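Novice: this one's sequence-less:
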Ligand SMILES: Nc1ncnc2c1ncn2[C@@H]1O[C@H](COP(=O)(O)OP(=O)(O)OP(=O)(O)O)[C@@H](O)[C@H]1O
């Protein structure tokens, strides 16, 4: 499976009725078993690109498609947003079951699958709890399990941990690394936090937006072996220093822009 974002542009109409060009000719691929982090300052169009990929928005130009699929297979996408959007009147189990309800998966297989993901995200024992009885981190785990239960080909995550306190965020990031090692799911992860991107991703993609200009893509590749060495702040800082030596001046400017405006 490969996700291809091919020369995509997106314009919106702003509240004054003027056309606002957010993305122009943006191209990006996410390969099978690849974790790509999309980093950029606030307002550069990260969520727009993710929503276009999810099919929640349509591109003004260009196309988004999958290649290298098994014949006849329709790709599925799991989505995790910053706001989990859990149904408050449904239990943990019922919230996770939601994604499977409209599918043809038989009931017994559904039960097994739901329980598998509940255990995988560490929520065993909380099946009957309601969202208001859970911490922010636990609610995000429900959101992640709900996205995974449909066995997606691609996982889309939009700042899933940014509403959490710093300590919980670190725990959730570590848990996501462990979870990803188990699932190796192709993932596109939006964040404005460079450290988080470096810690999680195989490849960091910078979406840069200069004043008066539309967004453009710059990529920093992070080999998987090196990613595993970025487990604490000191290692991440050292890693970013090494990357810094090897990237273009445009990419340096984009990183500084993220730090200044992220
Ligand atoms: N539906 C819409 N109608 C009009 N303008 C929009 C719409 N959605 C997004 N925009 C504008 O597009 C630009 C990019 O927004 P987007 O949410 O994609 O940025 P972002 O990089 O995800 O920002 P943040 O990190 O703050 O979430 C912003 O200027 C925003 O105001």
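Specialist: Looks like it came in fine. Keep in mind that this is a model prediction, so the values were computed, not measured.

Novice: just the element for residue 169, please.
Specialist: helix 166-183 (DSSP states H and E).

Novice: cool, and residue 105?
Specialist: Judged by DSSP H and E, residue 105 forms part of no helix or strand.

Novice: let me know whether whichever helix or strand comes after the helix holding residue 169 sits next to the ligand.
Specialist: Next along the chain after helix 166-183, taking DSSP H and E as the criterion, comes strand 186-191. No: using CB under 6 Å from any ligand atom, strand 186-191 stays clear of the ligand, with a minimum separation of 6.6 Å. Placement of C-beta: from N, CA and C, glycine included.

Novice: residue numbering should commence at 50 henceforth.
Specialist: All right, first residue 50 from here; so that's strand 235-240.

Novice: any idea which helix or strand of the chain has the worst average confidence?
Specialist: helix 273-276 (a mean of 59; mean pLDDT, DSSP states H and E).

Novice: gap between the two ends of stretch 171-188?
Specialist: 11 Å (CA to CA, to the nearest Å).

Novice: whoops, I mixed them up, stretch 102-116
Specialist: 14 Å.

Novice: likewise stretch 56-72?
Specialist: Note: stretch 56-72 ends 9 Å apart using CA to CA.

Novice: how about the residues of the chain by the ligand?
Specialist: So the chain meets the ligand at 61, 63, 69, 71, 89, 91-97, 241 (CB under 6 Å from any ligand atom).

Novice: dihedrals phi and psi, the residue in the stretch 150-299 of the chain that the ligand sits nearest to?
Specialist: Residue nearest to the ligand within the stretch 150-299 of the chain: residue 241 (5.0 Å; CB to the nearest ligand atom). Backbone torsions for residue 241, taken as degrees, to the nearest 10, come to phi -110, psi 20.

Novice: same question for residue 188.
Specialist: phi -60, psi -40.

Novice: equivalent analysis for the one 3 residues further on, please.
Specialist: With angles defined as degrees, to the nearest 10, residue 191 shows backbone torsions of phi -60, psi -40.

Novice: which stretches in the stretch 100-249 of the chain count as strands?
Specialist: 110-116, 126-129, 203-207, 235-240 (DSSP state E, counting those that start in this stretch).

Novice: burial of the residue nearest to residue 200 when sequence neighbours are not counted, as a residue count?
Specialist: Excluding the flanking residues, the one nearest residue 200 by CB to CB, 6 or more residues apart in numbering is residue 125, at 6.8 Å. Neighbourhood size, residue 125 [other CB atoms under 10 Å]: 13.
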